[in-house]
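**Q** Structure for the following, please:
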Amino acid sequence: MAPQAQDVVVTPGLVIPASELSWAFARSGGPGGQNVNKVESKVELRWTPGESKAVAGLDEGTRTWLLARIAARLTAGGELIVISTLTRDQIRNRADAADKLAALLRTALARPKKRRPTRPSRASKERRITAKKHRGAIKKHRGSAHE
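**A** As a prediction, the model looks like this:
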């Protein structure tokens with residue numbers, strides 16, 4: 001009996017309903033002996049963010065940011081595919097695929113901190129110049145014998 005599909009909670013403001021997720025299963029490669037030839041443990045999770053009600057619920061700026069950040073991972077049909085072959089168990093691979101999707105979207109939603117320009121202090125400038133002069137002196141005394 002297949003487990004009931006669960007909603008994927010990305011952030012408190014972004015929850016992907018289970019009805020928007022499409023699951024596919026296949027035989028997985030790797031270790032497992034004869035079991036690997038008869039059990040479909042590989043999990044493929046598909047989600048179409050362009051048609052998602054969850055993404056439509058986000059504000060315009062966040063939605064645009066998210067779709068731009070994951071655009072390279074989308075198929076020609078606009079689907080985001082996450083694959084899991086972590087374990088030999090389909091149920092655990094389903095959970096892993098859902099976790100991967102949530103982590104991917106959390107990463108895509110994260111905005112970089114704005115850089116605040118700073119100026120070097122007088123002491124740091126002096127240390128830099130002193131180090132340069134010291135390095136220059138070392139190089140000056142290389143090669144030929146100086147008196």
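**Q** where along this structure do the strands fall?
**A** For the chain, the strands defined by DSSP state E occupy 8-11, 14-16, 21-26, 42-47, 80-84.
**Q** mean confidence score for the shortest one?
**A** What that stands for is strand 14-16. Mean per-residue pLDDT for strand 14-16: 86.
**Q** That strand - contacts with which helices or strands?
**A** Secondary-structure packing of strand 14-16 (3 or more CB pairs under 8 Å, 6 or more residues apart in numbering; DSSP states H and E): strand 8-11, helix 53-56, helix 90-109. (Glycine included, C-beta is placed from N, CA and C.)
**Q** Buried residues in it, which are they?
**A** Burial within strand 14-16, assessed by neighbour count using 16 or more other CB atoms under 10 Å, is assigned to 14, 16.
**Q** And for the third one?
**A** Neighbour counts over strand 21-26 (16+ other CB under 10 Å) mark L21 as buried.
**Q** So what would you say the end-to-end distance of stretch 116-126 is?
**A** Chord length of stretch 116-126, first to last residue, is 23 Å (CA to CA, to the nearest Å).
**Q** cool, and stretch 39-54?
**A** Stretch 39-54 has its terminal residues 33 Å apart, counting by CA to CA.
**Q** How about stretch 82-101?
**A** Taking CA to CA, the span from the opening residue of stretch 82-101 to its closing residue is 6 Å.
**Q** Report how many residues lie close to K100.
**A** The tally of other residues near K100 (other CB atoms under 10 Å) stands at 17.
**Q** residues making contact with stretch 19-34?
**A** 5, 8, 36-48, 51-54, 85, 88, 90, 93-94, 98 (CB atoms under 8 Å, 6 or more residues apart in numbering).
**Q** Could I have the ChimeraX command that selects the buried members from these?
**A** To isolate the buried members of those in ChimeraX, using 16+ other CB under 10 Å:
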select :8,41,42,43,44,45,46,47,48,52,54,85,88,90,93,94,98
